[in-house]
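[1] no sequence on this one, just coordinates:
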């Protein structure tokens with residue numbers, strides 16, 4: 001099935017190669033979490049070519065167009081990782097289903113930057129982010145303060161601060177801390193609360209809102 005998707009993951013060092021600015025995890029690693037750095041250039045190249053051909057034929061755009069184009073029946077997200085400086089534009093849902101390659105890209109961008117560990121991000125969390133983001137327009141860049149956390153990272157943060165839960169949903173890829181530059185933080189909080197799809201935490205001093213797909217609650 002030819003999905004109309006294209007994404008760009010770029011790093012602050014200026015590497016704007018299409019698809020990924022870092023190496024993807026090894027395809028032979030069957031673990032649910034892995035460390036960035038395995039050599040999968042062949043897989044990345046095949047995925048890139050597939051994406052390029054799909055968008056070029058479906059949308060009559062140059063194969064190397066650097067944009068993620070979402071039709072009305074698609075869901076897309078734009079991320080900026082405040083710790084690594086990486087950015088991603090991705091159509092992660094189209095033609096009635098999630099795009100596995102796009103999900104892999106999002107998982108990598110939202111990895112634990114301290115340990116460089118990648119884990120699956122909850123798909124419901126991505127849908128929630130999309131619904132909240134579209135309340136503010138179609139081209140919002142979501143600044144990510146915290147996505148997935150490894151157990152080791154969460155233990156260190158919990159020991160250093162009473163505000164970090166020892167059984168945080170970040171450990172399960174079901175929580176994210178974000179802000180939308182150019183938009184009021186309280187407005188973001190209210191938009192997230194209106195969805196009633198999980199927890200919403202408001203941290204005005206640190207300038208971010210926590211969203212998760214756990215039980216409905218707020219603080």
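    Received, thanks. Since this is a predicted model, take the numbers as computed values, not measurements. Numbers count the residues shown, from 1 in each chain.
[2] Chain neighbours aside, what residue packs nearest to residue 128?
    Excluding its sequence neighbours, the residue lying closest to residue 128 (Cβ to Cβ, 6 or more residues apart in numbering) is residue 197, at 5.0 Å. From N, CA and C alone the C-beta is placed, and that goes for glycine too.
[3] Do I have it right that residue 114 meets residue 151?
    No. Counting by Cβ atoms under 8 Å, no contact exists between residue 114 and residue 151, whose distance comes to 11.8 Å.
[4] residues bridging contact with the two, i.e. touching both?
    Between them, residue 114 and residue 151 have no joint contacts when contacts are counted by Cβ atoms under 8 Å, 6 or more residues apart in numbering.
[5] which residue ranges form the strands in this structure?
    Under the criterion DSSP state E, the chain contains strands at 8-10, 34-35, 75-81, 87-94, 97-98, 117-118, 142-146, 175-179, 199-203, 208-212, 217-218.
[6] in this protein, which ranges drop under the pLDDT threshold?
    1-72 (pLDDT under 70).
[7] For it, which segments count as helices?
    Using DSSP state H, the helices found in the chain span residues 41-59, 100-109, 123-133, 151-160, 185-195.
[8] in the second one, what counts as buried?
    Buried positions in helix 100-109, judged by neighbour count with 16 or more other Cβ atoms under 10 Å: 101, 102, 103, 104, 105, 106, 107, 108, 109.
[9] What helices and strands are in contact with it?
    Packing contacts for helix 100-109, counted by 3 or more Cβ pairs under 8 Å, 6 or more residues apart in numbering; DSSP states H and E, involve strand 8-10, helix 41-59, strand 75-81, strand 87-94, helix 123-133.
[10] This completes my enquiry, with thanks.
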